[in-house]
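*Asks:* 3D model of this:
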Amino acid sequence: MLTVSQITRYVKRNDTLYFSNLTSAIYNNLFMPFHFEDKPALVAYVTCGDPDLATTREVILAAIDAGASVIELGVPFSDPLADGPVIQRASERALKHGTSLGQVLKLAAEIREHSQSAGLIIFSYLNPVLRMGLGKFCKVARHAGIDGVLITDLPVEESQEYLREARKNDLATIFLAAPTSTDPRLKQIAQVSKGFIYAISRTGVTGARQQMPADASGLVKRIRRFTKLPVAVGFGISTPEQFKSVGKFAEGAVIGSAIVQLIEQNPGREAVAVAEFIRQLSAVSSQLSARR
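*Replies:* Residues are numbered from 1 along each chain as shown. A predicted model of the protein is given here:
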């Protein structure tokens, strides 16, 4: 794995990454699979750089210690069409501080130096990745300790180049499956997905909801006809009760807006507030696992 300083130097350059300082043993141990032993496993989303990168780092490490299995490192974007007002505000705050994809990759390397247990995912819109270059992005992401990538606005039908670069660098390719996806499209998503499949519980933008959509379990059942990969359900999960309900039919639950809102509402104690919330959810997973 590259050091933080090496990642920092590389994202500032446009030349080819030079790996001679990596032994084959280190290189072969870079890949870390996702773990879904507890059901549901917690996939936690944060907008990197909100309120600043140092706080994001503290929040992520606290979330992992509290029981998060996978961390989605959200890359702030100026036009986040799929996100609700909570994450939109977080992106605006992060962008005001100049948070970039390169800085998020450096942050990932710092997180990986302190934690080998959790899966790390880059969660981004396509434009920042294209600005860096697909090939360069995938190389740096892999050697920063990233396990997978989810590009929210990249349709599976247009993902061939991305899939090639990701596979060359052992990055899990994660796609969104929606309730409106046809069976042929779900099959196509299943065929190219690695790690797990992200099932959107409802159409529309991100954001906490009072109730889980009734068709979330139906979507997971449809996905299971085409793959044995774990399925994580997201969009709208914000309470222990909703988290528990997801555990009855899916391997993972993605929580984003609720975590981002806690960060927004708890200046100065962001990491503590997020850790307390995640411990509540982790307790639900432990209870469900003990009953099986």
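*Asks:* Quick one: find the helix or strand in the protein with the lowest mean pLDDT.
*Replies:* helix 24-28 (a mean of 33; mean pLDDT, DSSP states H and E).
*Asks:* Leaving out sequence neighbours, find the closest residue to residue 77.
*Replies:* Among residues not flanking residue 77 along the chain, residue 125 sits closest, at 4.5 Å (Cβ to Cβ, 6 or more residues apart in numbering). From N, CA and C alone the C-beta is placed, and that goes for glycine too.
*Asks:* That neighbour against residue 74, yeah?
*Replies:* No: at 9.9 Å, residue 125 does not count as touching residue 74 under the criterion of Cβ atoms under 8 Å.
*Asks:* neighbour count winner among those two?
*Replies:* More crowded of residue 125 and residue 74, by other Cβ atoms under 10 Å: residue 74, with 30 against 22.
*Asks:* ok, that one - contacts?
*Replies:* 45, 46, 47, 48, 87, 90, 91, 123, 124, 256 (Cβ atoms under 8 Å, 6 or more residues apart in numbering).
*Asks:* and if you look at residue 201?
*Replies:* Taking Cβ under 8 Å, 6+ apart as the test, what residue 201 contacts is 179, 212, 213, 216, 219, 233, 234, 235, 236, 237.
*Asks:* next one: stretch 39-56 to chain centre, how far?
*Replies:* 9 Å (Cα atoms, centre = their mean, to the nearest Å).
*Asks:* ditto for stretch 128-143
*Replies:* Worked out by Cα atoms, centre = their mean, stretch 128-143 lies 16 Å from the chain centre.
*Asks:* list the buried ones in that stretch?
*Replies:* 128, 129, 132, 134, 136, 137, 138, 139, 140, 141, 142, 143 (16 or more other Cβ atoms under 10 Å).
*Asks:* Just the CA trace of it, in PDB.
*Replies:* The C-alpha atoms that make up stretch 128-143 are tabulated as PDB, following Å, rounded to 0.1, in the frame of the first residue of the first chain:
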ATOM      1  CA  PRO A 128     -14.800  14.400 -10.600                       C
ATOM      2  CA  VAL A 129     -13.500  11.000 -11.700                       C
ATOM      3  CA  LEU A 130     -13.400  12.000 -15.400                       C
ATOM      4  CA  ARG A 131     -11.400  15.100 -14.500                       C
ATOM      5  CA  MET A 132      -8.800  13.000 -12.800                       C
ATOM      6  CA  GLY A 133      -8.900  10.400 -15.500                       C
ATOM      7  CA  LEU A 134     -10.400   6.900 -15.100                       C
ATOM      8  CA  GLY A 135      -7.100   5.100 -15.300                       C
ATOM      9  CA  LYS A 136      -5.300   7.400 -12.900                       C
ATOM     10  CA  PHE A 137      -8.300   7.400 -10.500                       C
ATOM     11  CA  CYS A 138      -8.500   3.600 -10.300                       C
ATOM     12  CA  LYS A 139      -4.800   3.200  -9.700                       C
ATOM     13  CA  VAL A 140      -4.600   5.800  -6.900                       C
ATOM     14  CA  ALA A 141      -7.800   4.500  -5.300                       C
ATOM     15  CA  ARG A 142      -6.600   1.000  -5.200                       C
ATOM     16  CA  HIS A 143      -3.300   1.900  -3.600                       C
END
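*Asks:* circling back to that earlier point, mind checking which of the buried residues of stretch 128-143 are in helices?
*Replies:* Assigned to helices by DSSP state H, the following of the buried residues of stretch 128-143 qualify: 128, 129, 132, 134, 136, 137, 138, 139, 140, 141, 142, 143.
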